[in-house]
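> Give me coordinates for this.
(chains A and B)
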Amino acid sequence: MTGILGLAWRSLMNRKGSALLTVLAVALSVALFLGVDKARHGARAGFDNTISGTDLIVGAPTGQINLLLYSVFRLGNATAEISWETYQEVVNRDDIAWTIPVSLGDNHRGYRVMGTDETYFERYRYGDGKALKLAEGERFDDVFDAVIGSEVARKLGYGVGTELVLTHGLGAGGLSDHENRPFIISGVLAPTGTPVDQTIHIPLEGMTAIHVGWETGTKNPYADTITEEMIRDFDLTPKSITAIFVGLERRGTILSTQRALNTRAGEPLMAIIPGQALAELWQVTGVVERALIAVSVFVIAVGLVSVLTSILTSLNERRREMSILRATGARPGHILFLMVAEAGLLGLAGAVLGVLVVQAGLLGLGPVLAERYGVQLQGLGLSPVDLWTVLGVTAAALLIGLIPAVTALRRSLADGLTVKL
Amino acid sequence: MSTEPAIRIRDLRFAWGEGPPLLEIPAFDLAVRERLFLRGPSGSGKSTLLGLIAGVLEPQAGRVEVLGEDMSGLSGSKRDALRADRLGVIFQMFNLVPYLSVVQNVTLPCRFSKARREAVEGGPVAEARRLLARLGLTDEKLLARPVTELSVGQQQRVAVARALIGGPKIVIADEPTSALDADARDRFIELLNEEAARSGAALLFVSHDASLASHFDRSVDLSEINRTRAVA
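Numbering: from 1, shown residues only, chains lettered A, B, ... in the order given. Here you go, the predicted model:
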């Protein structure tokens, strides 16, 4: 049969142009499918990598996805806050080892501002347990110090020493700027590939300080008369924060601690397990993912139909060829095998090319993404999915090849030795 | 086996589908090593007869024996194997597979038949080159060209080499000279006769052109052996 495989190959080479187009169609459809699949895994991995080592996230009662999105991914808004007293109660629980306070609400040119404390730099972990690192400068020390994420630094061209004015709320700059309380950048974080890169970190006290005179939600007329020196003398303990990242003494208590926080008397709280909330998020996005996968599977089907079209249209001009092959000793099985092999070769070449296109894309983008954004494309390289896709597409092409194969066979049997042209 | 004729047909009847019988041949023989000219006008059923002999078509009645084997008693795959092993076929024109080289076209039967692959000494490629050389095709540049660029005469000679490779016992030629001019035609028939004789194959040469009959051992008119035509 290897002799026939050689025939199939030469026959395809004889129709290089159309064969190449067919291979390209299959390759693009496979690349789309694998691209969607890799993007899906990449996005999941990206989200999964954003927070690690944090056992619970605590906030005011809301949906668990909502709490996760605004506290970790800086997406959406908190609907309510946690009072400082409640925060202290949480901090003082015996089963809790450490807490990171998170206070959100302001922005600077679209980048979210997050008030927090030293624990953030010590305890926050992302990826497989990586700690935050400063690329430049140091952690905030003064009330008006800020530590910015790598993307903020790169996109806005900021560095250590740059002054920045925060904007109240999440709107654009202008009327609600905290222009009387500029911050000075003390440090720039190394890229993490997480929303940390897009965040401006300031001390909780700084968050309180810029809001002196803003108690009603807008700037009151006297705010500008309060000088920075006066503010430094104020008690800058915040009245409330947005969320708490919690690390437990023992991970085994995670469920009981969660229950205790959720059912405690007094100010209601909501504690979520990040992994669980993510799983719920994936359930929601799963519908969209499945739709995308379904679409790309249909695109592969279209690619395979182009294999069928290319072979079927070639059959007429190949009638003579078939009868020559029959006359020189080709059995019906040989003719079948020839046609099926051609379809299989087209499918295989297309699928492999599609995998290569995706891999080349990842290879080309990988270093750039890792260097500039800290996004690791690990786990997106060649995977069993690629292998199964190649096998599946080839098998489908072989199966589809049966259609022209049977047609060619019927004709060659009917034609006998001579074709009446 | 040597006493068996190469081809023996008895009481053959064949019709396309439900149509009227096209062939009714009580008896027809081709002896071993015989070179026979079968004459018949277009549409007289020559090609159909060749299809029956080659085992590509099946008769409604009667026996077609090729080298002692009754074709109708054989399964389809056995008939295919018999054809692959023992028959060389030359067509009127467009004999060659366009995407194969000259040599690959000649060695084609060796791909399908183990018997013919093993019958050649020194491998199919060397044998193909030897046959091509005997047929006057030695120019390396010519051999390297796509077969579609060869002249009709050259293509037909390549087809002869293909029909003869691996020493088949019977060579069937269906109007192989109809696309050649008179000079080329005579030379082609001489070559074909010589090479068939050299390899010990019987030759069944079919044409409508009665003037070619003188080149062969024996000449038969299809209308003489086919009863349907005789009546018509």
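> Go ahead and confirm A:Gly206 touches A:Phe140.
Yes - assessed by C-beta atoms under 8 Å, A:Gly206 is found in contact with A:Phe140 at 7.5 Å. C-beta coordinates here come from the backbone N, C-alpha and C atoms, glycine included.
> joint contacts of these two?
Residues touching both A:Gly206 and A:Phe140 (C-beta atoms under 8 Å, 6 or more residues apart in numbering or on different chains) are A:Ala146.
> list the contacts for residue 117?
This is for chain A. A:100-101, A:203-204.
> meant chain B, my bad for not saying
Taking C-beta under 8 Å, 6+ apart, one finds B:110-111, B:124, B:166 in contact with B:Arg117.
> wait, is it part of a helix?
Yes - counting by DSSP: H, G, I helix; E, B strand; the rest coil, B:Arg117 is found in a helix.
> Quick check: it vs B:Arg111, distance?
Here B:Arg117 is placed at a distance of 8 Å from B:Arg111 (C-beta to C-beta, to the nearest Å).
> swap in B:Phe28?
31 Å.
> Over to A:Pro274?
64 Å.
> Just the closest residue of chain A to chain B, please.
Closest residue of chain A to chain B, C-beta to the nearest C-beta: A:Gly329 (2.7 Å).
> what are the ranges of the helices in the chain?
Picking chain A for this. Here chain A has its helices, by DSSP state H, at A:2-14, A:16-50, A:64-72, A:84-91, A:118-123, A:150-156, A:204-210, A:228-233, A:254-262, A:274-315, A:319-327, A:332-368, A:384-415.
> wait, I meant chain B there
Taking DSSP H as the test, the helices found in chain B are B:46-54, B:76-86, B:102-106, B:108-112, B:114-119, B:124-134, B:140-144, B:152-164, B:182-199, B:222-225, B:227-231.
> of the ones you listed, which approaches A:Asn14 most closely?
Closest approach to A:Asn14 among the helices of chain B (C-beta to C-beta): helix B:102-106, 11.7 Å.
> Convert the C-alpha atoms of that closest one to PDB, please.
These are the backbone C-alpha positions of helix B:102-106, laid out as PDB (Å, rounded to 0.1, in the frame of the first residue of the first chain):
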ATOM      1  CA  VAL B 102       8.300   8.400 -17.600                       C
ATOM      2  CA  VAL B 103      10.000   5.700 -15.500                       C
ATOM      3  CA  GLN B 104       7.300   5.700 -12.800                       C
ATOM      4  CA  ASN B 105       4.700   5.200 -15.500                       C
ATOM      5  CA  VAL B 106       6.600   2.200 -16.900                       C
END
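> Quick check: residues of the stretch 301-421 of chain A near chain B?
Proximity of the stretch 301-421 of chain A to chain B (C-beta under 8 Å from any C-beta of the partner chain) is limited to residues A:320-321, A:324-334, A:413, A:416-418.
> give me the low-pLDDT residue ranges for chain A?
Low-confidence segments of chain A, defined by pLDDT under 70: A:1-2, A:170-175, A:215-217, A:222-223, A:370-379, A:414-421.
> can you rerun that using 50?
A:420-421 (pLDDT under 50).
> likewise chain B?
B:1, B:230-232.
> which non-adjacent residue is nearest the residue in chain B that chain A sits nearest to?
Chain A sits closest to B:Ala84 of chain B, with a gap of 2.7 Å, by C-beta to the nearest C-beta. Distances taken as C-beta to C-beta, 6 or more residues apart in numbering or on different chains place A:Gly329 nearest to B:Ala84, at 2.7 Å, with adjacent residues excluded.
> Phi, psi for the one you found please.
phi 110, psi 0 (degrees, to the nearest 10).
> same thing with B:Val120?
phi -90, psi 140.
> for it, what are its contacts?
B:110, B:126-127, B:165-167.
> can I get those residues in TSV with distance to chain A?
Output for those, formatted as TSV (distance: C-beta to the nearest C-beta, whole Å):
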residue	distance to chain A
B:Cys110	8
B:Ala126	17
B:Glu127	15
B:Ile165	10
B:Gly166	10
B:Gly167	14
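> Next one: A:Asp117 relative to B:Leu204, how far apart?
102 Å.
> Return the set of buried residues in stretch A:154-173.
A:156, A:158, A:160, A:162, A:164, A:166-168, A:173 (16 or more other C-beta atoms under 10 Å in any protein chain shown).
> With stretch A:119-137 instead?
A:120-121, A:123-127, A:130, A:132, A:136-137.
> B:Phe112 versus the residue nearest to B:Ala84, what's the distance?
3 Å.
> So the two - more neighbours on which side?
Using other C-beta atoms under 10 Å in any protein chain shown, the more surrounded residue of A:Gly329 and B:Phe112 is A:Gly329, with 27 against 22.
> list the contacts for the more buried one?
So A:Gly329 contacts B:80, B:83-85, B:87, B:108-109, B:111-113, B:116 (C-beta under 8 Å, 6+ apart).
> quick one on the thing from earlier: quick one: residues contacting the residue of chain B closest to chain A.
A:328-331, B:109, B:112-113, B:115-116.
> Quick one: these as CSV, columns for distance to B:Phe14 too.
Below are these laid out as CSV (distance: C-beta to C-beta, whole Å):
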residue, distance to B:Phe14
A:Thr328, 23
A:Gly329, 23
A:Ala330, 23
A:Arg331, 22
B:Pro109, 26
B:Phe112, 26
B:Ser113, 26
B:Ala115, 28
B:Arg116, 28
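> Enumerate the residues of chain A near chain B.
Near chain B, the residues belonging to chain A are A:3-4, A:6-7, A:10-11, A:13-14, A:320-321, A:324-334, A:413, A:416-418 when assessed by C-beta under 8 Å from any C-beta.
> Quick one: name the residues of chain B near chain A.
B:47-48, B:50-51, B:54, B:56-57, B:76-77, B:80-81, B:83-85, B:87, B:89, B:91-92, B:94-100, B:104, B:108-109, B:111-113, B:116, B:162, B:174.
> If burial is judged by neighbour count, which of those residues pass?
Members of these classed as buried by 16+ other C-beta under 10 Å are B:47-48, B:50-51, B:54, B:56-57, B:80-81, B:83-85, B:87, B:89, B:91-92, B:94-100, B:104, B:108-109, B:111-113, B:116, B:162, B:174.
> So which residue is dead centre in chain B?
B:Ile172 (1.5 Å; C-alpha atoms, centre = their mean).
> Could I get the contacting residues of that residue?
B:50, B:53-54, B:87-90, B:163, B:204, B:206.
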